[in-house]
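**Student:** pasting the sequence and the predicted coordinates here, then a few questions.
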Amino acid sequence: QQQVKQSPQSLIVQKGGISIINCAYENTAFDYFPWYQQFPGKGPALLIAIRPDVSEKKEGRFTISFNKSAKQFSLHIMDSQPGDSATYFCAARTGTASKLTFGTGTRLQVTL
Amino acid sequence: ETGVTQTPRHLVMGMTNKKSLKCEQHLGHNAMYWYKQSAKKPLELMFVYSLEERVENNSVPSRFSPECPNSSHLFLHLHTLQPEDSALYLCASSQEGLDSPLHFGNGTRLTVT
């Protein structure tokens, strides 16, 4: 019930391509869905987040698409760049930040 | 110093050792967290402190002992660890309230031999 399932585990995309990472959840009480980006040797950092009352949120090249009925959400990275190579974690939360449940992570590699 | 600082960055310890991980946040936040990050697993929430009181302890073995002396500092005391405890230990902080993001440190890479 508390799990967030993330796929794929790893992803290789050519420079300029679109990277897509998917997450699914079961707990309908989740009310906040952030994505975190983690570079090697660094801690995760908030990238973008969405609430379930909207179906899409865009910040620059990063877009979250949210499908409430399917209980799925995804991260799209447009015009992927080598600097986007990192591990991406989806997460979901009820209430305060202490209830954040993370996915298993997707290691993205953007090739030249 | 800005953000969340963790020391040491790397730690190798034997199973009979006692060591401590330190975390300091310079963001004025009122909540601090310890997470465990292992390969191919979700980040595991270990402990949460809000206003210096422990508000969550997710069934963590007693060989891990947290301490939060004030809202800016958090420690994780380690003793008689097992090899499976080898992982990246991440500290985070946040300001309690809706949509307040977690701010993570860069972690301590712990190896138990």
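**Tutor:** Yep, it's here. Numbering: from 1, shown residues only, chains lettered A, B, ... in the order given.
**Student:** what about residue 105, neighbour count?
**Tutor:** Let's take chain A. The burial count assigned to A:Gly105 is 24, neighbours taken as other Cβ atoms under 10 Å in any protein chain shown. Where C-beta positions appear, they are placed from N, C-alpha and C, glycine not excepted.
**Student:** switch to chain B, please.
**Tutor:** Considering only other Cβ under 10 Å, B:Gly105 is surrounded by 25 other residues.
**Student:** low-confidence bits of the chain, can you list those?
**Tutor:** With no chain named, the answer covers chain A. A:1-2, A:96-98 (pLDDT under 70).
**Student:** wrong one, chain B
**Tutor:** B:1, B:98.
**Student:** ok, which stretches of it are strands?
**Tutor:** Secondary structure of chain B (DSSP state E): strands at B:4-7, B:10-13, B:18-25, B:31-37, B:44-50, B:53-57, B:64-70, B:73-79, B:87-94, B:103-104, B:108-112.
**Student:** with respect to chain A, which of those lies nearest?
**Tutor:** Among the strands of chain B, the nearest to chain A by Cβ to the nearest Cβ is strand B:103-104 (3.1 Å).
**Student:** elements contacting the closest one?
**Tutor:** On a contact count with 3 or more Cβ pairs under 8 Å, 6 or more residues apart in numbering or on different chains; DSSP states H and E, strand B:103-104 meets strand B:87-94.
**Student:** put the alpha carbons of the strand it packs on into PDB.
**Tutor:** The C-alpha trace of strand B:87-94 is given here as PDB (Å, rounded to 0.1, in the frame of the first residue of the first chain):
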ATOM      1  CA  ALA B  87      25.300   1.800   2.800                       C
ATOM      2  CA  LEU B  88      25.100   5.600   2.100                       C
ATOM      3  CA  TYR B  89      23.600   7.300   5.100                       C
ATOM      4  CA  LEU B  90      21.800  10.600   4.200                       C
ATOM      5  CA  CYS B  91      20.800  13.400   6.500                       C
ATOM      6  CA  ALA B  92      18.000  15.700   5.400                       C
ATOM      7  CA  SER B  93      16.200  18.700   6.800                       C
ATOM      8  CA  SER B  94      13.000  20.500   6.100                       C
END
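**Student:** parallel or antiparallel, list what pairs with it.
**Tutor:** strand B:31-37 (antiparallel), strand B:103-104 (antiparallel), strand B:108-112 (antiparallel) (DSSP bridges).
**Student:** make CSV out of those strands and add mean neighbour count.
**Tutor:** Output for those, formatted as CSV (neighbours: other Cβ atoms under 10 Å in any protein chain shown):
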stretch, mean neighbour count
strand B:31-37, 24
strand B:103-104, 24
strand B:108-112, 18
